Each structure stands twice: as structure tokens, then as C-alpha cells.
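Asker: got a structure for you, letters missing:
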């Protein structure tokens, strides 16, 4: 493979038909059966029933599967990048020269065969949100050929021709690739559709998705807005456009003054504030504004609804706000009535569950309903919006509740588990779904079984693992006291950096 500057980061089997030809229908059935049995071999990455993870051992990187089996022996100096852990594409960086910044790349499959060899460089397309949570764009890789960049999908099919000077991402926006050609920028999606032509000096996102539109800058340094269908929403005539919008309203700066305008470019709100922080979700409601460093609420005629008195103000839902005074948070309504006292370290609103989570300085959380009544209290472990439950640690027990605050049995929530964590005489063991003891009460601490069938167990200050039958696969030997999450796959334990999502053997 060729070297370059460091960047952030067939054979068809013959079908053999053995059948007695008794009737046409038998032949047809045989053909369909054989099609299901004999598959085409490919050196390209394939979606499999396995799940893959980067693995680190003896200061080298490789790949393991969900059973803890070694797929690629740890032998690389740089971490193996797995763009999709259900697809056997593993990207390697090697021969790194830290003085010049040059390095080489290649892609391997689970047979340790090199794939996508037509390109001089192959890279996953990484992105991250405002909390630095990392992900890779789905079913797309960027590739370089003859000094130009393009994209391919996981099957190796060309999506964007290698004709671009660079391909990057718009941070925090999924499926919006920032493409550059001849010094100008455009936007494409991972299927190769050109969302915006390469006509702009600068492009950034307006909202959180690739459908919310884009703030674009022209050669004169002025900003406008173009939507995802290439329709011009606002002409390029503003010194700034904030990432604040809603109800066809936008916050712009023109002639050095910030204001709210509509999508026809007409002024809606021009005075009574120093800065606009947000446009309210409710139609024709108003804005959160800042004056003298404090936050308040006014409507679109400039009438003040909540005086600027808070250190921060965030709209949770219509007419309800999470407010900050000093270092404490509470909840107020549109008439500035205090609904939750200012006694919490943080308050968040979960829209799916329609619940509030109010956490104190000791990480204890009160779970509140829409009437702001405390329904449950404990250390919040998880809110699972997909399955409709939240998990709390209450005392020494882990308990599950649906969004109606009904307690649910762990066998209902963790229906795929074969073992369930249980405690007796201050020691942890595991029982089956009928309550029969499978693993004796011998551990000082333990975790529930993960989706791959392994549970972590702690004894005498050290962590190990058991499998879905309760058999010890790793004796407790690891000191993981400073690890944020304890998780095992076979003998491998989850690494410290959760964004890297790798497993380690020390």
C-alpha cells in the first residue's frame, strides 16, 4: 500500500444438483433449495452473525469475536478500526513514521485476507457529537486513488468517484459528508447523493440531522441557509447565522446587530435583548433571551414573560423550563412558577419516557413524573428508550421500572438472559429464570449478563468472568477499580476509553 500524510485518524462455487427429475416442480424446488445452501465466496467484507471488537494484548492490536476468540492475532502497533462490528472489515494503520507523519493503511477480512486493494488509502469515516461520543458512518469508507478521494460501500462498490480533494464530516451530523473540490465545499450522503454542490467557501449544519438544512458561506464572507433539497432558505447577506431555529424563524446578525427573522427574511424580533439563546418549540411562543448575562423568556412582540434572572434556562417541553441558579437547578413554568425547587446538581428531561431525572451531588436521582412528583429514587444506571424502562440501584439492589413507574421483573426486562444476578448474605450469585441457584453466592460484586452471555464477577478485589452457563472463563485476577464500566467477553475485559470500544488482556 502507498504511504501518505497522517490523517486524523470471485470465485463462484459451482452448483451441484443431485436430484431425480420426476416433475418440473421438483426441479424448481431443488434450484431454490440449492440457492439457499451454496453461497458465493467473497474476499470483501461480509455481514455475518458474528460481532467483532478491537483487542489489545502485549502492546499490540488485533480483533476478537463475541465469544472471545481471536480473529486477527494482536500484532499491529496501531488500533484496528472496525467501522461496523457486524461486518468483517478491519482497517489497519502500520509503518507509522512519527517524525514525518507518514503511514500506510490496509483492510483485512476475518480470514486475514487483504481486501479493497485498488486504493492507496482506506479509512473509516469517524464522527462525534458535542460530548465527544464517537461513531463511524454506516456502510461507507473513504478511499484514495491517484491523490484524490472518493467513497465505497462495505461491499467495495464505488459510491463517490475518487475526484475530491478531501472528504470529511460535519461534526455531530450523521450521513452528511463534507466534500471539497477546487477549494469549494459541498455535501454528499453515504449513498452518493449530492445534497449541496461544491459551490461554497464554508458549510456547517443548522440543526442536528442532515435534513435540517445548512448554513453556507460565500466568497464574500456572507452567510445564508440552504435546505437539504438545495432550495435557498435565506440569501447570503448576513454576517452570522446562529444554529438556532424553529417555527420558520432564524437568528441572524446583520449590520452588526442580532435579530430574529422569518424565512422570508423579514424582521420578527429586533430589540429587548443582548443575545438570543433559543427559539421556543411552541408555535408563536417566543425566545429564550440573555440580558446582563442572565436568561429569561420573551414572546415575539418583545413582551417579557420571565425576567432575565437565571444563570441558564433550557426549554424541556412546552411552557416548562429547566432553570439554573448558581450551581443548582430547578424547574419553572412559563409564568415563572417554581415547579421543582433549586436543590439539584442537574436536571434532565427524557422526552421518550416523559420523565425528569433530578440528580444531587452524590449521584442520587429522583425520577419525576409530568406533575413533578417524585416517583422513584436511586442511582440511575440506564434509561432504555427502545425497551421503555429505566434501571435504578436502590440500596444493594438493581430494580427496573417502565415509564409508568411500574416495577418490572428482571426476567421481563432481560428476557434473553440465561442467568440473573441475585444477592444473599451480602454476596452475589446467579439464578435462572425460575429462581434456581446456578452460581453460588460467593462474589463480592458482579454485573448482569451482557448481550454476549458473559457476566463480570468480583472476588477479593479482583474481577473475572463467567459464561452463560455459569462456568468461570476468567478467574478473578484483574484490578479494575478505576474503570468506569466493567464488562467481559471471554477472558477479555473492556478497556478504559469507552469511545475506543476495545477489549484488553493484561
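Answerer: That came through, no problem. Everything numeric in this text was worked out from a predicted model, so none of it was measured.

Asker: wait, what's in contact with residue 388?
Answerer: Going by C-beta atoms under 8 Å, 6 or more residues apart in numbering, residue 388 touches 352-353, 402-403. Glycine gets a C-beta too; all of them are placed from N, C-alpha and C.

Asker: Quick check on these: which are buried?
Answerer: 353, 403 (16 or more other C-beta atoms under 10 Å).

Asker: Show me the contacts of residue 388 that map onto strands.
Answerer: Counting by DSSP state E, the members of the contacts of residue 388 that fall within strands are residue 402.

Asker: Could you point out which of the contacts of residue 388 is nearest to residue 339?
Answerer: When the contacts of residue 388 are ranked by distance to residue 339 (C-beta to C-beta), residue 353 comes first, at 17.8 Å.

Asker: thought the closest one was touching residue 384?
Answerer: No - using C-beta atoms under 8 Å, residue 353 is not in contact with residue 384; the gap is 9.4 Å.

Asker: Mind listing the shared neighbours of the two?
Answerer: residue 390.

Asker: re the thing from before, ok, which pair from the contacts of residue 388 is furthest apart?
Answerer: 352 and 402 (11.8 Å).

Asker: May I see the contacts of residue 388 organised as JSON lines, with distance to residue 447 and pLDDT added?
Answerer: JSON lines is the format used below for the contacts of residue 388 (distance: C-beta to C-beta, whole Å; pLDDT from 0 to 100):
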{"residue": "352", "distance to residue 447": "25", "pLDDT": "96"}
{"residue": "353", "distance to residue 447": "24", "pLDDT": "97"}
{"residue": "402", "distance to residue 447": "22", "pLDDT": "97"}
{"residue": "403", "distance to residue 447": "24", "pLDDT": "97"}
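
Asker: got any ranges where this structure has weak pLDDT?
Answerer: The model of the chain has pLDDT under 70 over residues 1-48, 283.

Asker: at 90 instead, please
Answerer: 1-49, 94-104, 129-133, 281-285, 395-398, 484, 497-501, 506 (pLDDT under 90).

Asker: Other residues contacting the helix or strand where residue 339 lies?
Answerer: Using DSSP states H and E, residue 339 sits within strand 338-344. Contact with strand 338-344 is made by 320, 323, 325, 328-333, 347, 356, 358-360, 366, 368, 372, as judged by C-beta under 8 Å, 6+ apart.

Asker: Tell me the strands beside it, with direction?
Answerer: Strand 338-344 sits in its sheet next to strand 328-333 (antiparallel), going by DSSP bridges.

Asker: Same question for the partner strand: list its buried residues.
Answerer: The neighbour-count criterion (16+ other C-beta under 10 Å) identifies 328-332 as the buried residues of strand 328-333.

Asker: Please apply the same query to stretch 370-384.
Answerer: Residues of stretch 370-384 classed as buried: 372, 376, 378, 380, 383 (neighbour count, 16+ other C-beta under 10 Å).

Asker: what's the nearest residue to residue 328 if we skip its chain neighbours?
Answerer: Leaving aside its sequence neighbours, residue 328 sits nearest to residue 342 (C-beta to C-beta, 6 or more residues apart in numbering; 4.4 Å).

Asker: Can you name every helix or strand that the strand or helix carrying residue 391 contacts?
Answerer: Per DSSP H and E, residue 391 falls inside strand 389-394. With contacts taken as 3 or more C-beta pairs under 8 Å, 6 or more residues apart in numbering; DSSP states H and E, strand 389-394 sits against strand 365-368, strand 374-384, strand 397-402.

Asker: Which one, of these, ends up nearest to residue 220?
Answerer: Proximity to residue 220, assessed across the helices and strands packed on strand 389-394 by C-beta to C-beta, is greatest for strand 374-384 (46.7 Å).

Asker: Off-centre distance for the closest one?
Answerer: Between the centre of strand 374-384 and the centre of its host chain there is 22 Å, according to C-alpha atoms, centre = their mean, to the nearest Å.

Asker: Just checking: what are the partner strands of it?
Answerer: strand 365-368 (antiparallel), strand 389-394 (antiparallel).

Asker: can you list the residues that contact stretch 447-466?
Answerer: In contact with stretch 447-466 (C-beta under 8 Å, 6+ apart) are residues 51, 66-68, 398, 410, 414, 416-421, 428, 430, 439, 442-446, 467-468, 472-481, 486-491, 493.

Asker: Flag every buried residue along it.
Answerer: The neighbour-count check on stretch 447-466 (16+ other C-beta under 10 Å) flags 447-450, 452-459, 463-466 as buried.

Asker: how far away is residue 470 from residue 172?
Answerer: Counting by C-beta to C-beta, to the nearest Å, the gap from residue 470 to residue 172 is 43 Å.

Asker: I should have written residue 91 there, sorry.
Answerer: Residue 91 is 23 Å from residue 172, by C-beta to C-beta.

Asker: check contacts around the most centrally placed residue in the chain.
Answerer: The chain has residue 135 as the residue nearest its centroid, 5.5 Å off, counting by C-alpha atoms, centre = their mean. Going by C-beta under 8 Å, 6+ apart, residue 135 touches 126-128, 174.
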